[in-house]
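S.K.: Provide a 3D model corresponding to the input given below.
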Amino acid sequence: MSVSGRIGIRVQFLLLLLAVSLGVASVTAMIAANSQRQSLLQERKLRGLTVLRAWTSLCRERVLSDETVNLSMWDFIDELMHGEASVAEVYLLDTSGSILMHNRQALVGSRAAMSNSVAKGEAAGVGIMVWSDSSGRALRIQQSIDVNGRHLGTAGVVFSAGGIEEGIQDSVHRIFLFAGLIALLGVASASLLVYHVTRPVHLLVEGVKRFGERFDPERPETADFQIEFRSFNEIGDVRDSFNEMTAALRRTMAERKILKEESGYLRLQAKTDALTGLYNKRQFEEDFPELVELSKRRRRPLCLLMMDMDRFKLLNDTLGHAAGDTALKDLAHSIRERTRNTERAYRLGGDEFMVLSVGTGLEEARAIAERITEAYHERKAEGNPTDISVGIVDFDGLASPEELLKAADREMYRVKRDRKAQR
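M.R.: A predicted model of the protein is given here:
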């Protein structure tokens with residue numbers, strides 16, 4: 001579409017505003033006034049809620065008997081009353097309704113007199129109620145101060161609604177004045193322009209809203225979204241830019257997902273043994289000192305179960321390395337099957353394995369070793385001559401990681417010698 005065939009969106013909106021805002025203002029004046037009133041009241045309410053949150057924070061400390069916040073509370077009240085012209089009252093009530101703090105210090109200690117019950121109010125959050133007085137001139141906002149399910153008091157602020165009605169009336173008068181002057185000029189142009197201008201805007205807003213509702217940062221396919229409508233002005237340019245953005249976003253998210261999966265796989269490969277799937281020696285060297293320090297700091301038991309296959313070389317020499325790999329996998333499976341979440345298992349290399357058991361004493365560690373050995377014998381292939389020697393030591397709270405590891409190694413070889421002597 002050539003530039004000469006386009007009508008700029010600014011020109012369209014100028015014509016639309018001229019036609020619609022002035023042509024139908026006489027009909028919609030009261031609707032606009034009511035909308036403005038609600039908007040101003042809502043703004044006043046939101047400001048009141050903001051003030052109430054800050055005030056409630058101080059009040060909670062006060063009712064919890066922290067007398068040191070009294071000065072801060074009076075400073076807050078003084079600053080608020082001088083900085084917010086619409087604030088009429090700031091107060092703190094105890095559970096009986098007596099005033100503990102008030103912007104008028106003369107009222108402190110007296111009973112609060114409320115003209116409206118909380119039941120007539122509007123809930124605006126957990127423990128927060130908002131209501132207006134009978135004249136509509138004051139907006140009262142209160143929050144219950146509860147700690148551990150116990151009601152300790154009530155914090156509140158009162159905002160004046162004065163000035164709103166005067167502003168509304170001035171706006172209505174101006175609307176009627178301008179409507180009477182040029183309403184006839186706006187009717188003809190509004191009927192033509194409203195559809196052509198507001199429909200693309202509406203479709204664009206609705207499309208962006210739908211995209212926001214369905215978009216999930218973890219799922220690239222949710223970014224596959226296009227807004228389709230005919231428009232030959234700047235709104236069409238925005239539509240095209242949005243569609244290009246979602247397409248680029250989807251590609252980027254898909255690439256990120258692939259990279260994340262690849263990096264996760266690489267991290268897993270770096271810390272696990274490829275044959276058995278258990279943690280490798282590198283991961284053991286990272287975990288072991290931390291677990292020893294944790295056991296020392298929290299005074300929790302820690303046992304090491306160092307395992308070694310007896311006659312593993314004989315298995316490789318007689319049945320081949322494939323049989324040896326199968327035996328290693330069978331032992332790894334037996335370890336995973338007979339250990340709990342509190343134990344971490346590692347293959348240190350060759351036919352050596354390690355299980356670190358946190359919160360376990362020696363007797364329980366021996367039971368774990370027996371379960372693993374039984375499971376291995378049930379699982380290993382026929383003709384597999386190997387057995388498992390397990391050296392078990394517990395951390396005494398004093399040894400270094402190196403000393404503890406050497407002790408486990410010595411114990412494992414002692415068990416291996418004893419088993420060999422019995423054969």
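S.K.: need the helices for the stretch 1-150 of the chain, in chain order.
M.R.: Along the stretch 1-150 of the chain, counting by DSSP state H, counting those that start in this stretch, helices occupy 9-16, 22-23, 25-63, 70-83.
S.K.: nearest to Glu206, of those?
M.R.: helix 9-16 (18.1 Å; Cβ to Cβ). Just so you know, the C-beta spots here come from the backbone N, C-alpha and C atoms, and that holds for glycine as well.
S.K.: Now do the phi/psi pair for the closest residue to Arg300 other than its chain neighbours.
M.R.: Closest residue to Arg300 apart from its sequence neighbours, by Cβ to Cβ, 6 or more residues apart in numbering: Gly359 at 5.4 Å. When quoted as degrees, to the nearest 10, the phi and psi of Gly359 stand at phi 80, psi 20.
S.K.: Report whether the expected contact of Gly359 with Arg299 is present.
M.R.: No. Using Cβ atoms under 8 Å as the test, Gly359 is too far from Arg299 to be in contact (10.9 Å).
S.K.: What is the distance between the helix or strand hosting Lys406 and the centre of its chain?
M.R.: For Lys406, the element it lies in under DSSP states H and E is helix 401-422. Centroid displacement of helix 401-422 relative to its chain, using Cα atoms, centre = their mean, to the nearest Å, is 49 Å.
S.K.: Am I right that Thr154 sits in a strand?
M.R.: Yes. Per DSSP: H, G, I helix; E, B strand; the rest coil, Thr154 lies within a strand segment.
S.K.: Quick check: beta-bridge partners of it?
M.R.: Under the criterion DSSP bridges, Thr154 forms beta bridges with Leu93, Ser144.
S.K.: That one and Leu93 touch, don't they?
M.R.: Yes. Thr154 lies in contact with Leu93 (Cβ under 8 Å); the separation is 4.4 Å.
S.K.: Run through the residues that contact Tyr413.
M.R.: By Cβ atoms under 8 Å, 6 or more residues apart in numbering, Tyr413 lies in contact with Gly391.
S.K.: what separates it from Met306, distance-wise?
M.R.: Using Cβ to Cβ, to the nearest Å, Tyr413 is found at 9 Å from Met306.
S.K.: quick one: Arg344 and Pro289, what's the gap?
M.R.: Going from Arg344 to Pro289 by Cβ to Cβ gives 13 Å.
S.K.: Compare these two (neighbour count), which wins?
M.R.: In this view Arg344 and Pro289 are compared by other Cβ atoms under 10 Å, and Arg344 has more residues nearby, 18 against 13.
S.K.: circling back: can you tell me which of the helices of the stretch 1-150 of the chain is nearest to Val390?
M.R.: Closest to Val390 of the helices of the stretch 1-150 of the chain is helix 25-63 (Cβ to Cβ; 57.8 Å).
S.K.: what is the orientation angle of that closest one with helix 70-83?
M.R.: Helix 25-63 and helix 70-83 are oriented at 160 degrees to each other (axes from the mean of the first three to the mean of the last three Cα atoms, to 10 degrees).
S.K.: tell me what helix 25-63 is packed against?
M.R.: Contact analysis of helix 25-63 by 3 or more Cβ pairs under 8 Å, 6 or more residues apart in numbering; DSSP states H and E lists helix 70-83, strand 87-93, strand 99-102, strand 122-125, strand 128-132, strand 138-147, strand 150-160, helix 164-214 as its packing neighbours.
S.K.: and the protein, what are its domains?
M.R.: For the chain, automatic domain parsing gives the domain ranges 13-165, 215-271, 281-422.
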